[in-house]
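> coords below, sequence missing:
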């Protein structure tokens with residue numbers, strides 16, 4: 001008869017298989033109280049696929065972060081209200097703004113006034129799941145307005161629009 005159980009420990013480790021392969025495993029050991037004494041019940045779960053997926057995700061995130069932080073394109077992350085929650089470092093070299101200067105402000109303040117109705121409409125459609133990148137003008141670094149195109153299209157160097 002079992003009198004009670006409790007979790008004794010949990011450990012992530014690796015095991016070598018008979019053919020020399022490596023398995024990532026999670027060992028959970030439970031102490032089980034029996035009438036005639038305690039025993040330990042170790043449970044070994046193969047988590048090799050999960051560990052590989054986590055590693056791939058970390059590498060992908062690191063690659064993405066490197067691209068964002070070292071790329072020449074300005075990347076902004078906006079809230080549903082259009083406030084900037086992230087600005088890539090290139091905001092300074094392209095638009096003259098430090099990222100920390102624009103975070104928390106409305107992205108619509110950076111759009112040329114003539115383009116604002118079009119941008120607001122496009123933003124609203126994007127929130128509804130319709131993605132139609134449209135070029136618009138944004139402040140250029142000390143040189144008037146630049147034509148910018150969302151969605152990764154090549155930036156056109158049209159100054160003083």
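Arrived safely, thanks for sending. This one's a predicted model, so the numbers in the text were calculated from it and none came from an experiment.

> quick check: the residue of the chain most remote from its centre vs residue 29, distance?
Within the chain, the residue lying farthest from the chain centre (C-alpha atoms, centre = their mean) is residue 36, at 53.6 Å. Per C-beta to C-beta, to the nearest Å, residue 36 is found 20 Å from residue 29. (Glycine included, C-beta is placed from N, CA and C.)

> before we move on, back to that, got the phi/psi numbers for the residue farthest from the centre of the chain?
Phi and psi for residue 36, reported as degrees, to the nearest 10, are phi -100, psi 20.

> packing partners of the top helix by length along the chain?
Assignment by DSSP state H gives helix 48-70 as the longest helix of the chain. Here helix 48-70 touches strand 22-34, going by 3 or more C-beta pairs under 8 Å, 6 or more residues apart in numbering; DSSP states H and E.

> pull out the buried residues from the strand it packs on.
By neighbour count with 16 or more other C-beta atoms under 10 Å, strand 22-34 contains the buried residues 24-25.

> strand partners (parallel or antiparallel) of it?
strand 2-16 (antiparallel), strand 37-46 (antiparallel) (DSSP bridges).

> quick one: the last one to chain centroid distance?
Read it as strand 37-46. 38 Å (C-alpha atoms, centre = their mean, to the nearest Å).

> center of this structure, which residue is that?
residue 61 (6.5 Å).

> can you check the pLDDT for that one?
pLDDT, residue 61: 94.

> how close does it sit to residue 124?
According to C-beta to C-beta, residue 61 and residue 124 sit 30 Å apart.
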